[in-house]
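Q: Following is a predicted model, sequence given first.
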Amino acid sequence: MSTPTETAPKARWGAVLAPVLIDLVLPLLVFYGLRQAGVGVIGATLGGSVIPVLRTLHALVRGRRVDWMAVFMLTALAAGTIASLIAHSPRMLLAKDGVITALCGLWMLGTLLVGKPLLLSIGRGVAEAKRGPGGGAVWAARWDAEPGFRHGLRLITAVWGVGLTLDAVVRIVLAYTLPLDAVPGITTIQWFVLFGVLYTFMLLYSRKHKLLA
């Protein structure tokens, strides 16, 4: 029988990989599957978009509390989709993900100017998942006691915010310059590369400066 320490890493990896598969890989497969079936770019894009929307709605209902990030994502997705349909522009519909990414990046940068960086809230959630509410509170309490801790979380949040904003600019440019059918595949690969770079930086920096939640 597996011990808790043996199953915990698998559970954490499952929690990380499941949203990636649902929000990125499955919509991409649906898009190209529908395109092969003769569905137009707008219809295929909307078909793929249904999957992450349903996952986010399920997370909201299951969590039984308001997840403002999820609400923000749904609102931005709906606004971009409606605007694209009104303009009947498949390129605008493909570019909407870049707009959402830009808003996320700017949101992260905005938390550096008002209040505490977003990474503090995210890190506390990770610490609570690992060690319970008490562990999350202990980790977050370092914000008031350690200047180095504050600097590190601000720096990582800034790097993610700038990275996501630049990613959004590239996504929008690609949506309006590449062949329509190439955009979802190229931008998905781009996201995996960016995420890998940002996550690796965050992990190495956090380990070096003892910031891990």
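A: Alright, I've got the coordinates.

Q: Let me know the helix or strand that residue 57 is in.
A: Per DSSP states H and E: residue 57 is located in helix 41-63.

Q: List the buried residues in that helix.
A: 41-42, 44-49, 51-53, 55-56 (16 or more other CB atoms under 10 Å). Placement of C-beta: from N, CA and C, glycine included.

Q: Give me the neighbour count for residue 180.
A: Number of residues near residue 180 (other CB atoms under 10 Å) recorded here: 17.

Q: From residue 211, how far out is it?
A: Noted for residue 180: a distance of 42 Å to residue 211, by CB to CB, to the nearest Å.

Q: What is the neighbour count of residue 32?
A: 15.

Q: So which other helices or strands are in contact with whichever strand or helix holds it?
A: Element membership for residue 32 (DSSP H and E) is helix 26-36. In terms of contacts (3 or more CB pairs under 8 Å, 6 or more residues apart in numbering; DSSP states H and E), helix 26-36 is packed against helix 41-63, helix 183-208.

Q: quick revisit: quick check, nearest of the buried residues of helix 41-63 to residue 143?
A: residue 56 (28.5 Å; CB to CB).

Q: how close does the closest one sit to residue 40?
A: Following CB to CB, the distance that separates residue 56 from residue 40 is 25 Å.

Q: Low-confidence stretches in this structure?
A: Residue ranges of the chain with pLDDT under 70: 1-21, 63-74, 76-77, 79-80, 83-84, 87.

Q: pull the longest helix from it.
A: Longest helix in the chain, counting residues (DSSP state H): helix 147-177.

Q: what angle do that one and helix 183-208 make?
A: Counting by axes from the mean of the first three to the mean of the last three CA atoms, to 10 degrees, helix 147-177 lies at 170 degrees to helix 183-208.

Q: Tell me the buried residues in helix 147-177?
A: 149-150, 152-161, 163-165, 167-168, 171-172, 174-175.
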